[in-house]
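Student: Below is the sequence, then the predicted model.
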Amino acid sequence: MQELKKVNWNLQNGISKFSYWQQYMQREDFAVVVQPFFRNTLIPLNKVRETDLTFFSEDCVHFSDRGHAEMAIALWNNMLEPVGHKTTSNNFTYSRAKLKCPSSESPFLYTVRNSQLFPEQATEAHKVPSWTVPIAAICGLVIGILIMTAWRAIRHHQNKVQPMNLSTVSI
């Protein structure tokens, strides 16, 4: 069991590193955010301190409807917490009262960028306007079309066969 926990922990840490890649942190329209609400979760216990099987399906591996409801609440609440301050465990209380709502100060899902975890990178990303990528792609396409058109015209001109007449034929 300890080895399985170690493998799981290493997998979670490896996946977590993806969210800090520069290519994901500079985009305004895409973000990778690890939601660690299940990282330190313990198996829920019932009133007699035994595993509460109502959270699991009949195979005792997958969640039941009740378990899925708890995970959905934990995931939603995690998305409303800033990166670096996310809850890493889930208390299985089956209470709808713990469901969070976005605040008027932060009416959005948190990402690394809007959590301002790295303020210098957030300002660095604003140096390149978001419209530069489509403009560069369109310019590249136009230049490519012009180069191909010129190359085909030159090749067509070079391959043009001179019409044969009697003065060009020698016997």
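Tutor: That came through, no problem. Numbers count the residues shown, from 1 in each chain.
Student: Could I get the contacting residues of residue 86?
Tutor: 35-37, 78 (C-beta atoms under 8 Å, 6 or more residues apart in numbering). Heads up, the C-betas are built off the backbone N, CA and C, glycines and all.
Student: Now flag whichever of those residues is closest to residue 104.
Tutor: residue 78 (20.0 Å; C-beta to C-beta).
Student: dump the residue contacts of the closest one.
Tutor: 35-37, 86-87.
Student: Return the member of those residues nearest to residue 67.
Tutor: residue 37 (13.3 Å).
Student: tell me, how many neighbours does that closest one end up with?
Tutor: For residue 37, the neighbour count with other C-beta atoms under 10 Å is 21.
Student: Taking the centroid of the protein, which residue is nearest it?
Tutor: residue 32 (3.3 Å; C-alpha atoms, centre = their mean).
Student: ok, that one - contacts?
Tutor: The neighbours of residue 32, taking C-beta under 8 Å, 6+ apart as the test, are 18-19, 21, 24.
Student: With only the CA atoms kept, save stretch 55-65 in CSV.
Tutor: C-alpha atoms of stretch 55-65 as CSV (Å, rounded to 0.1, in the frame of the first residue of the first chain):
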residue,chain,number,x,y,z
PHE,A,55,-19.7,6.3,-0.9
PHE,A,56,-18.6,3.3,-3.1
SER,A,57,-20.3,1.2,-5.7
GLU,A,58,-20.8,-2.5,-5.3
ASP,A,59,-17.3,-3.3,-6.6
CYS,A,60,-15.8,-1.1,-3.7
VAL,A,61,-13.5,0.6,-6.2
HIS,A,62,-15.7,3.1,-8.0
PHE,A,63,-17.8,5.8,-6.4
SER,A,64,-21.5,5.5,-5.9
ASP,A,65,-23.9,8.4,-6.7
